[in-house]
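Visitor: Let's see this in three dimensions:
(2 chains)
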Amino acid sequence: MFSDAPHFDVRDYLRKEMMPHFLCPGCGHGMALRALLWAIHELNIDRDKLAVVSGIGCAGRLSAYIDANTFHTTHGRPLAYATGLALARPDLHVVVITGDGDCLAIGGNHLIHACRRNLKLTCLMLNNEIYGMTGGQVSPTTSETRLTTTTPHGNSEPNFDACALATAAGAGFVGREVTRHVPKLKELIKAGLQHPGFAFVEVVSDCTEVYGRKNDMGSSAEMVLRQKSEMRPSAYRDSVDEPFRSTDLPTGILAQNNRPEYGAALRAAAAARAAK
Amino acid sequence: MPTRPSQADIYQTRYGSHGDYPMIVLAPASAREIYDETIRAFDLAELCRTPVILLYDQVIAQSSETVALGGRTSVHATRKWASGPREAYKPYAADADLIPPMPRPGDGYRTHTTGLTHSETGFPSQDPETVTRNLGRLYAKLDKHRDLIDSFEAVRCEDAEVVIVAIGISARAARRAVDACRAEGKKVGLFRPVTLWPFPEVALREATRNAKAILVPELNIGQLRLEIERQLRDRRVEGLHLISGEPITPAQIAAAATKLASEV
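Guide: I've put the predicted structure just below:
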């Protein structure tokens, strides 16, 4: 059940000329990329019609590894680029890969308005709670008390719940999953890709080298285990084999609605005007 | 100052982004010219595959002028799309005109677009030779199309001893000042770059061949003057700078030009 379907080989979806990749050993983003490619594979999405748009940061680099139409855009703006692309080319399947800093800080406004418009896009926000590539600065999702290079005495800002934000802003589909569970993550991304409106998927990922090291969180394997013991994803709520801490992190599909899709509404309005 | 004229973004438009790159900036000075230059901006953007900035001040932007539209049509706005076999395709391998054809998402080329320095394949590269070659091409492609990019207006410059160099509303005022000075027998001309960047330096040198001094009226502390000084190092270049949020009047420019003419 948790082994790859025999016909899915991640290498078929990667650009070999881009290897070796630039992610650090133990980085969770590789699992997120694998889950996305697996979902694309199972949905049999034509990669000639697949556009992957990413921003800046560790997550932003992932688009380059995917053998599809890929766009590595400016910091915080992948949703803006993707909005233009999806509106101009409704025949394309547009996926955005962004990080917590890219999506919630620099691009925070783009996110809420993308949610509000409900254009058909799938937005994967890889949340590792840190600006990894730029040197480990505090991000909007850094947990309270955590050490970063810009919070040497511990972070004193409350962190963002991106899924609650996306839900409140009106996203058609909101979900969260942890990289610990790649098959579940794949299923969630599949559901997001199939949603007719804006789908926001938060992927709880890990930054071992910068965040984990600074906070003494152990090896990458220990950090992945921590997703289970410390974050208390709802998937494990009934499990008895691990003691839970009080932090609650709901996972799975968290919100779904059938608000009108923006692109179709815009095209219908334009057609109605043209017919007059 | 919102809603007040200034011309203080001359270098912002040229050097505003990070990295080393050339820029096309068009500076219209009338309602009719905004219309023409907007069409030309799209033409040049498509022809050279580059962003183009249309730069004009508040007075030009909000003036009401009677114009007859039409006459100018787009000539280069047909984009060069990629064609041919997918395997051999390199998105930044340029044709003889140094402009690579663009891949259209969905046509099967599956290319990568990035703001990082990249090779002809489109993938990031930090190879010194590759980076030098590809950044160099950005400059070379504009150099190659300067005959289409350059645009300027030279008014009574042939015998001018003082040439005024100005853009936008300052150029409109300067045009009136030229007439006033000529009526007084002063040999004053106007050189107005319509394409601000790349600066039409060949035309400037031609227009100022006989000039003993140059006057640069502008609504900033001396931005355009800096470029004119750079281009005409052997000539006296004076600025007339106003940063009060008001346009410079024709009388102010005429007085400055007259004073300069009497000194050279």
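
Visitor: where do the helices sit along the stretch 101-250 of chain B?
Guide: B:128-144, B:146-149, B:168-183, B:201-207, B:223-231, B:250-263 (DSSP state H, counting those that start in this stretch).

Visitor: low-confidence ranges in chain A?
Guide: Along chain A, segments meeting pLDDT under 70 span A:1-6, A:230-248.

Visitor: one more time with 50, if that's ok
Guide: Within chain A, the stretches with pLDDT under 50 are A:1, A:240-246.

Visitor: Contact residues of chain A facing chain B?
Guide: Within chain A, the positions near chain B by CB under 8 Å from any CB of the partner chain are A:15, A:17-18, A:47-49, A:51, A:63-64, A:67-74, A:85, A:89, A:91-92. Every C-beta, even on glycine, is put in place using the N, C-alpha and C of the backbone.

Visitor: rerun at 7 Å
Guide: Proximity of chain A to chain B, by CB under 7 Å from any CB of the partner chain, involves residues A:17-18, A:47-49, A:51, A:64, A:67-72, A:74, A:89, A:91-92.

Visitor: that older thread, hey, which of the helices of the stretch 101-250 of chain B is tucked in deepest?
Guide: helix B:168-183 (a mean of 22; mean count of other CB atoms under 10 Å in any protein chain shown).

Visitor: I would like the residues contacting the helix or strand hosting residue A:41, please.
Guide: Taking DSSP states H and E as the criterion, residue A:41 maps to helix A:29-42. Helix A:29-42 is contacted from outside by A:8, A:10, A:13, A:23, A:50, A:58-59, A:62, A:65-66, A:124, A:126, A:179, A:182, A:185-186, A:189-190, A:193, A:203, A:205, using CB atoms under 7 Å, 6 or more residues apart in numbering or on different chains.

Visitor: one step back: can you flag the buried ones in the residues of chain A next to chain B?
Guide: Among the residues of chain A next to chain B, those scoring as buried are A:18, A:47-49, A:51, A:64, A:67-72, A:89, A:92 (criterion: 16 or more other CB atoms under 10 Å in any protein chain shown).

Visitor: Now flag whichever of those residues is closest to residue B:129.
Guide: Nearest to residue B:129, judged by CB to CB, of these is residue A:18 at 19.7 Å.

Visitor: Who are the contact partners of that closest one?
Guide: Residue A:18 touches A:64, A:65, B:123, counting by CB under 7 Å, 6+ apart.

Visitor: Distance to residue A:33 added to these, as TSV?
Guide: Shown next, in TSV, are these (distance: CB to CB, whole Å):
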residue	distance to residue A:33
A:64	11
A:65	7
B:123	17
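
Visitor: so how far is residue A:111 from residue A:204?
Guide: Look at residue A:204 and residue A:111: by CB to CB, to the nearest Å, they are 17 Å apart.

Visitor: Out of the contacts of residue A:18, which is nearest to residue B:64?
Guide: Once CB to CB is applied, the member of the contacts of residue A:18 that ends up nearest residue B:64 is residue A:64, at 50.1 Å.

Visitor: one step back: filter the buried ones among the residues of chain A next to chain B down to just the ones in strands.
Guide: Using DSSP state E, the members of these that fall in strands are A:51, A:69, A:70, A:71, A:72.
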